[in-house]
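Chemist: Build me a model:
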Amino acid sequence: MISGYSNQFPNPAYQTPASQPVVAPATQAQATPAAQVSPETIKVANVLTSIWNGLVSAVKTLFSWLGHLFGGSSSNTTPTATSTSGLDAQQAAIAQQYQLLPTAANVQAFLTEVQSYQNNGALGPGSTNSTAISDLQKALARLGYNVPVTGQYDASTQQAVMQFKQANGLHQSYQAANGTYAVNEYADPQTLQLIMAKLQQQVTSLPGSTPTPAPSQPTPAPVSSPTPAPSQPTVNYDAIAKQYGLLDTQANVSAFVSEIQSYQADGTLGPGSTNTTAITDLQKALDKLGYNIPVTGQYDSATSQGVIAFKRANGIHQTYEATDGNWAVNEYAGAQTLNLIMQKLAAGAQPAANPTPAPTPAPSQPQSNYDAIAKQYNLLDTEANVNAFIAEIKGYQTGGALGPGSTQTAAIRDLQTALSRLGYGVSVSGQYDAATSQAVMAFKKANGLHQTYQAADGTYAVNEYADTQTLNLVMAKLQQQATSQPASAPVSAPVSAPVSAPYTPASVGQPQPAASGLTAQQAALAQQYQLYPTAANVQAFMAEVGKYASDGTLGPGSNQTSAIKDLQTVMSRWGYGVSVTGSYDQATANAVVAFKRANGIHQTYRASDGNWAVNEYADRSTLQLIMSKLQAGAKAS
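Modeler: Numbering: from 1, shown residues only. I've put the predicted structure just below:
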């Protein structure tokens, strides 16, 4: 147990990761058996809770204790040992226990991710939701992994989850001791969603590919909450509704699933059907009715369109509704449709007035030339994959992605500067040129990033666009690089652009476009606080400053007199020329800035000169480092 923290986990049914981090390339599907955790294993989530909730209190206690120590008072308190790598004792113990890269940022990423498992529906060792675990095991078995369905999150389930993650390029947000991204045995939401997507791809040929019919037994979605009654299969209604353009109610999705399932047993014809004779008869009948369908014996696009046109002309619709609330009309020729076609032929019906040779697809099935798109962009030629490609590319327009054709010169320069600092040899030109494209792809491949769609060879594609995920990871890598730089001697420096209080967006009018690509609000902030004028940088500034009011940060305007005195006492002892007043004055601000610069601490945003900003706030990372240095100094004395 880590000194100073309870070993009692708040949720006894949930355990911290039981295995050592497993790291492997996404193309390898080798799993490492999960190691067993002894009863004495550190309960990481409890440590995390204590760190977040008790940091300021702990700092104050330590400051007070050291104040007595400096003043000659004796104390029986024994400070916790610390490592020499810049981690505090707790972080060092966690890094050693779980074989993590020993940096404060990496250990924090580990703790944050593990804590999130309690709230985001992740499944793992110690989970008690046997129904959800059984669903997961069934899904993995259908995907070819050798997993018995036991309802227990056993070793075989852990191994299968790791194999699946490795095979599909999934990894954790933290790094193993060797510097590569870890892969653990927990099935988090990202893993569960990809398992569902793989299952949906797997059944695209039953009975056709448009729409993808459900399997004969609805595939339980591997989610842990909410859990339906045991007699009811778990169905991810939202995912199905979204994928097929359905009205998102449980009753409507159930009607869709029920109707699609019935197609396998009632003689319905549709994409993927192999009854050549029946398809030929249908095509001849539609052609006689004026729908201009070539007779090929294959249920092709022309046949699908002809069926949709016939159904619409004759008031036939499905039992489920599309997203717009209208009854859906799909391309399957069910018993009702086939019977009406026969009746029309027997009655000698006239050809349909103004037949539509290429009608608009049903609302639930937007028309796309999947084969042409797949061929043009070298994609795996399945409808689901092409749809994933289209959705991702469309998302680039609204998600702030950078890529060929982008006109955000400042943002491109930021990216090029960052890639250059990370060693990718990119010239800072402000143009998203071939060298930038290649560097982005190299960065993504080196860090296990890939797209949501697959290339023609079946592997996940890696393209040249710098999307939000890529940009965030580039920023994280720069921060890691900065923290590893050697600290210089303390220097007293004035604060160039003090932030006296968290900024309130309501104090500025409605955003207006600015010439630099910033909104008027962002441009005003950049000018006021001397920030590098990019939208991403101003947003980083807003996000960081917005946390100060709630996370125990000390700074101008703070009213935590006792904590400020403790901080001033320590800074004074270290030679920063600070008077102990209890007020966060300019001298205190200058001392904090000097300390941060001397120890390589900077903000998540940049100053107007393009360098990382260093402000006068004593935030969590600053207080943690002060604590670590105090512990190290006390131990040495």
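
Chemist: Check which helices and strands the one helix or strand A632 maps to sits against.
Modeler: Element membership for A632, per DSSP states H and E: helix 620-636. With contacts defined as 3 or more CB pairs under 8 Å, 6 or more residues apart in numbering; DSSP states H and E, helix 620-636 has these neighbours: helix 44-70, helix 561-573, helix 586-598. In short, each C-beta sits where N, CA and C put it, glycine included.

Chemist: Averaged pLDDT, it. What do you get?
Modeler: Average pLDDT, helix 620-636: 79.

Chemist: What sits closest to H602 if chain neighbours are left out?
Modeler: Spatially, and ignoring its direct neighbours in sequence, H602 is nearest to W612 (3.8 Å; CB to CB, 6 or more residues apart in numbering).

Chemist: Just the C-alpha atoms of the host helix or strand of A524, please, in PDB.
Modeler: Using DSSP H and E, A524 sits within helix 520-528. The C-alpha atoms that make up helix 520-528 are tabulated as PDB, following Å, rounded to 0.1, in the frame of the first residue of the first chain:
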ATOM      1  CA  ALA A 520     -13.400  38.100 -32.800                       C
ATOM      2  CA  GLN A 521     -13.500  36.700 -29.200                       C
ATOM      3  CA  GLN A 522     -10.500  34.600 -29.800                       C
ATOM      4  CA  ALA A 523      -8.600  37.400 -31.500                       C
ATOM      5  CA  ALA A 524      -9.300  39.700 -28.500                       C
ATOM      6  CA  LEU A 525      -8.100  37.000 -26.100                       C
ATOM      7  CA  ALA A 526      -4.900  36.500 -28.100                       C
ATOM      8  CA  GLN A 527      -4.200  40.200 -28.100                       C
ATOM      9  CA  GLN A 528      -5.100  40.700 -24.400                       C
END
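
Chemist: Pull out the buried positions in it.
Modeler: Buried residues in helix 520-528, counted by 16 or more other CB atoms under 10 Å: 521-526.

Chemist: do the same with stretch 553-562
Modeler: By 16+ other CB under 10 Å, the buried positions in stretch 553-562 come out as 553-556, 558, 560.

Chemist: Where do the domain boundaries of this structure fall?
Modeler: As assigned by automatic domain parsing, the chain contains the domains 44-191, 203-365, 370-483, 505-636.

Chemist: Of all the ones you listed, which one is nearest A197?
Modeler: Across these, A197 has its closest neighbour in domain 370-483 (7.6 Å, CB to CB).

Chemist: Give me the average confidence score over the closest one.
Modeler: On average, domain 370-483 scores 87.

Chemist: Which is the succeeding secondary structure element to the helix or strand bottoming out on mean pLDDT in the chain?
Modeler: Every helix and strand of the chain was ranked by mean pLDDT, DSSP states H and E. The lowest is helix 44-70, at a mean of 44. Heading C-terminal from helix 44-70, the first helix or strand you meet, by DSSP H and E, is helix 89-97.

Chemist: list the buried ones in that next one?
Modeler: Under the neighbour-count criterion of 16+ other CB under 10 Å, helix 89-97 has 89-95 buried.

Chemist: now do stretch 243-262
Modeler: So, applying 16+ other CB under 10 Å, buried residues of stretch 243-262: 243-247, 252-257, 259-261.

Chemist: and what of stretch 279-297?
Modeler: 279, 281-283, 285-286, 289-293, 297.

Chemist: contacting residues for the residue nearest to H602?
Modeler: Going by CB atoms under 8 Å, 6 or more residues apart in numbering, W612 touches 482, 602-603, 605-606.

Chemist: pLDDT value on it, please?
Modeler: Predicted confidence (pLDDT) for W612: 88.

Chemist: Could you measure from it over to G425?
Modeler: Per CB to CB, to the nearest Å, W612 is found 22 Å from G425.

Chemist: and what of S254?
Modeler: Here the criterion is CB to CB. By it, S254 lies 56 Å from G425.

Chemist: contacts for stretch 435-450?
Modeler: 26, 169, 171, 181, 403-404, 412, 415-416, 419, 422, 424-427, 460-466, 469-470, 473-474, 477.

Chemist: Could you tell me how far that stretch lies from the centre of the chain?
Modeler: 18 Å (CA atoms, centre = their mean, to the nearest Å).

Chemist: tell me the least confident of the buried residues of helix 520-528?
Modeler: Among the buried residues of helix 520-528, Q521 has the lowest pLDDT, at 78.

Chemist: Just the helices from the stretch 201-350 of the chain, written as ranges.
Modeler: With helices called from DSSP state H, counting those that start in this stretch, the stretch 201-350 of the chain shows them at 237-244, 250-262, 276-288, 301-313, 335-346.

Chemist: what is the orientation angle of the third one with helix 335-346?
Modeler: Angle between the axes of helix 276-288 and helix 335-346 is 50 degrees (criterion: axes from the mean of the first three to the mean of the last three CA atoms, to 10 degrees).

Chemist: low-confidence ranges in the stretch 51-200 of the chain?
Modeler: Counting by pLDDT under 70, the stretch 51-200 of the chain shows low-confidence ranges at 51-85, 200.

Chemist: residue closest to the middle of this protein?
Modeler: Residue closest to the mean C-alpha point of the chain, counted by CA atoms, centre = their mean, is Q190 at 7.0 Å.

Chemist: For that residue, which non-adjacent residue is spatially closest?
Modeler: For Q190, the spatially nearest residue (CB to CB, 6+ apart) is L170, at 6.4 Å.

Chemist: got the angle for the helix or strand containing F389 vs helix 237-244?
Modeler: Counting by DSSP H and E, the element that carries F389 is helix 383-398. Interaxial angle, helix 383-398 versus helix 237-244 (the same axes, to 10 degrees): 90 degrees.

Chemist: what packs against helix 383-398?
Modeler: Here helix 383-398 touches helix 189-202, helix 370-376, going by 3+ CB pairs under 8 Å, 6+ apart.

Chemist: redo that, cut-off 7 Å
Modeler: On a contact count with 3 or more CB pairs under 7 Å, 6 or more residues apart in numbering; DSSP states H and E, helix 383-398 meets helix 370-376.

Chemist: Am I right that N463 is in a helix?
Modeler: No: assigned with DSSP: H, G, I helix; E, B strand; the rest coil, N463 falls outside any helix and is coil.

Chemist: Run through the residues that contact it.
Modeler: Residues in contact with N463, defined by CB atoms under 7 Å, 6 or more residues apart in numbering, are Q451.
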